[in-house]
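Peer 1: give the three-dimensional model of this entry:
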Amino acid sequence: MNKCLITGFSGFVARHFIEYLENSGNNCIIKGLDFHNPDFRFDHYKNVKISFEKIDLLSSDQTKYIIHEFQPNHILHLASYSSVAYSWKEPVQSFLNNTNIYLNVLEAVRKLNMGCRILSVGSSEEYGEVYAEDLPLKEYSRLNPTSPYAVARISQEFLSKVYADGYGMDIVLTRSFNHIGTGQKDIFVVSSFAKQIAEIKKSGRKKGVISTGDLQIVRDFLDVRDVVRAYYLLLTQGKKGWSYNVCSGNGHSLQEVVDELASIAGIEISTKLNPALVRPADNRIIIGSNKRICDDLGWQPDISFQQSLKDILKYWELAV
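Peer 2: Below is the predicted model:
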């Protein structure tokens with residue numbers, strides 16, 4: 001990896017991806033693109049040279065100009081409105097943004113006749129509502145989106161297939177399951193729970209109440225540090241045109257998340273259902289199979305669910 005363009009640079013996944021490159025000794029040049037300025041420093045790395053440009057990827061001309069100027073070998077496309085809940089509140093904006101920014105990246109690479117590899121980051125939400133007998137979900141499992149966000153992610157995946165098959169472009173795809181880690185915004189469920197519990201602990205109370213949605217929901221959580229390691233392997237070794245689940249292969253209910261965080265914090269936590277946090281339609285259980293990425297690339301999750309929660313809680317204890 002020599003030159004890598006990262007869209008969605010200001011998000012927490014990009015920050016962890018850069019940390020992975022730095023710590024693994026990858027000497028590379030990064031160009032970060034985002035609509036928002038990053039809230040982290042990137043001028044102190046020894047192995048990774050980074051520049052940032054604030055742009056709106058909905059501008060096809062700007063996108064094409066920057067890609068032409070930078071001449072990347074790899075593009076990690078992270079940019080999106082990544083909240084399912086937000087897609088229910090603003091379905092038109094969520095769908096049009098997520099689909100069109102990706103299409104602008106594809107078109108820029110196609111029109112410039114560049115040979116760079118693109119990693120299209122999708123979501124486990126594409127699988128939608130599934131039955132117990134369907135689990136764990138495999139890459140050939142039926143796609144059944146149940147949110148505006150999921151429909152946009154499937155559109156992104158289908159566009160990838162069209163451009164890979166029709167134009168011969170070098171695209172690898174992910175269906176990334178719920179990833180968690182330090183620096184994730186508290187609009188996401190695990191980070192929200194951890195922040196609320198950290199605030200209770202900081203107040204000196206031995207018990208407290210946190211606001212939640214449906215705690216019976218089961219998700220396949222994967223530490224972001226394992227996620228970015230998978231992304232690097234997919235960018236450098238993944239099979240062109242293939243989709244890969246990026247997941248742990250294990251399911252945990254949101255009630256388990258609350259109980260484990262409370263245990264780590266050493267306080268008693270009760271929960272109160274907030275109707276605003278209950279989505280109009282939600283997938284009850286999502287657990288993936290990571291067999292393809294493990295077999296093809298030798299990847300394995302390294303960080304346990306419990307360790308992830310410890311690190312997230314510690315992050316919020318320092319932040320609140």
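Peer 1: which residues touch the least confident helix or strand in the chain by mean pLDDT?
Peer 2: When the helices and strands of the chain are scored by mean pLDDT, DSSP states H and E, helix 84-89 comes last with a mean of 90. Residues outside helix 84-89 that contact it (C-beta atoms under 8 Å, 6 or more residues apart in numbering): 81, 94-95, 125, 147-150, 152, 187, 277, 279-280. (Each C-beta comes from the backbone N, C-alpha and C, glycine too.)
Peer 1: next: stretch 218-226.
Peer 2: Counting by C-beta under 8 Å, 6+ apart, 12-13, 16, 20, 124, 177-182, 184, 190, 246-254, 257, 284-288, 301-303, 305, 307-308 sit against stretch 218-226.
Peer 1: ok, now with 6 Å
Peer 2: Here stretch 218-226 makes contact (C-beta atoms under 6 Å, 6 or more residues apart in numbering) with 16, 177-181, 247-248, 251-253, 285-288, 301-303, 308.
Peer 1: now, those residues that are in strands?
Peer 2: The strands, defined by DSSP state E, take in His179, Ile180, His252, Ser253 from the contacts of stretch 218-226.
Peer 1: next SSE downstream of the least confident helix or strand of the chain?
Peer 2: helix 91-111 (DSSP states H and E).
Peer 1: give me the contacts around that next one.
Peer 2: Helix 91-111 is touched from outside by 57-58, 60, 63-64, 67, 79-81, 87, 148-149, 152, 155-156, 163, 167, with contacts defined as C-beta under 6 Å, 6+ apart.
Peer 1: and Gly238, how far from Val246?
Peer 2: 11 Å (C-beta to C-beta, to the nearest Å).
Peer 1: and Ile55, by the same measure?
Peer 2: Counting by C-beta to C-beta - Ile55 and Val246 are separated by 27 Å.
Peer 1: more crowded one of the two?
Peer 2: Using other C-beta atoms under 10 Å, the more surrounded residue of Ile55 and Val246 is Val246, with 28 against 15.
Peer 1: you'd agree that one is up against Leu173?
Peer 2: No. Val246 lies out of contact with Leu173 (C-beta atoms under 6 Å); the separation is 10.4 Å.
Peer 1: can you show me the helices along the stretch 151-300 of the chain?
Peer 2: For the stretch 151-300 of the chain, helices defined by DSSP state H, counting those that start in this stretch occupy the ranges 189-202, 224-237, 254-265, 291-297.
Peer 1: closest one to Asp43 among those?
Peer 2: helix 224-237 (20.1 Å; C-beta to C-beta).
Peer 1: quick one: classify the closest residue to Phe9 other than its chain neighbours as helix, strand or coil.
Peer 2: Spatially, and ignoring its direct neighbours in sequence, Phe9 is nearest to Gly32 (3.0 Å; C-beta to C-beta, 6 or more residues apart in numbering). State at Gly32, reduced to three classes by DSSP: H, G, I helix; E, B strand; the rest coil: strand.
Peer 1: could you chop the protein up by domain?
Peer 2: Domain assignment for the chain by automatic domain parsing gives 3-180+222-249+291-297, 189-218+251-286+303-319.
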